[in-house]
Each structure stands twice: as C-alpha cells, then as structure tokens.
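Asks: Got a sequence here, can you model it:
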Amino acid sequence: MENVGVYTPPAQNPINMDDISDTYSAELSQTDLEVTESAQQKLAEIVGQSEDDIEGIRIYVGGGGCGGMTYGMTFTDEKSDFDTVLPFDDFKVLVDVVALNYLRGAQIDYIQEVGRERFVFNNVFAETGGSGTCGACGSSGGGCS
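Replies: Got it, this is the predicted structure:
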C-alpha cells in the first residue's frame, strides 16, 4: 500500500480563560436557582447535623422517561471543575453546568404538611420549555418505555 501522507491536525490556538470569563461564571445567583427561606433553613439544619466533611449540597438532574426529568439533592464532599456554586452562610449549593441547563429559573422549596415534609422543585423547565411529562402515558394505546 502506498503511503498517501501523514495527517497533520490543524493548528490549535491555546484557550485563554480570560477570554471566556465573561461567558461562563462558576457562581450561581438566586435568579439562576432560587432556594426559598424555608429550604435554606432546613438545608442548614441538615448540614449542621451531619458529622461528615461536607463540601456542599449537590443538586442533580436524572434522566427523563415517562415522568420527565427527576430532580434531587445529595451531600457532596468534593467540588468539580464543572460545578457552579450558590453560597449561603451555613452551606453551599453545587450544580454542574449540564444540570443547570435544566434547573435555570427553578425554585427549591421546603414544605411542611401534616405528617409530611419534603423539598419541592418548582418551575422546572421555566426557560427551556416542556412539561416534564409524557403525553402518551396512561392514554389508550399509548405508553412509554
């Protein structure tokens, strides 16, 4: 076989982080992701009760499916390079940039009802559109896999 040549990739300019600092911020604001006062109080209480070394509370988004995206929280002991941070006095909230695309404009609230307490994610998909549900589920002849 005849040698047709050696591949030479195009020259790449190094990325100057100062050039992209205006478009990417590792800091979140309450307009990106609102955490209500009741949710802040409960999260501070939970973090204060933990004996583990906690970097913050990670907000995550799980895969879609019939019920739409799932949203949750967990403790984290590590901040990644892809995390954005919403700092509070007693804790901080970490959200990776991919999850933030699904959470931007959402509100995290803490609700206490008789016999039931829970965190609630309100207004998800506020900017990206969508309902988070599958229209065919439960309908005759339809369904989701």
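
Asks: just for this structure, where's the confidence low?
Replies: 1-26, 64-67, 124-145 (pLDDT under 70).

Asks: what about the strands in it?
Replies: Here the chain has its strands, by DSSP state E, at 33-35, 56-62, 70-76, 83-87, 92-96, 106-113, 116-122.

Asks: List the buried residues for the second one?
Replies: With burial defined by 16 or more other Cβ atoms under 10 Å, the residues of strand 56-62 counted as buried are 56-61. Bear in mind the C-beta positions are built from the backbone N, C-alpha and C, glycine included.

Asks: which among these gets closest to Val95?
Replies: Using Cβ to Cβ, Ile59 comes nearest to Val95 of the buried residues of strand 56-62, at 4.8 Å.

Asks: With adjacent residues omitted, what lies nearest to that closest one?
Replies: The shortest distance from Ile59 to any non-neighbouring residue, by Cβ to Cβ, 6 or more residues apart in numbering, is to Val95 (4.8 Å).

Asks: Next, count neighbours for Phe75.
Replies: For Phe75, the count of nearby residues is 15 (other Cβ atoms under 10 Å).

Asks: now do the one 3 residues further on
Replies: Glu78 is flanked by 10 other residues according to other Cβ under 10 Å.

Asks: Over to the one 5 residues further on?
Replies: Using other Cβ under 10 Å, Asp83 is surrounded by 21 other residues.

Asks: Quickly list what it is bridged to.
Replies: Asp96 (DSSP bridges).

Asks: isn't it right up against Leu94?
Replies: Yes - at 4.5 Å, Asp83 and Leu94 qualify as touching, with contact defined as Cβ atoms under 8 Å.
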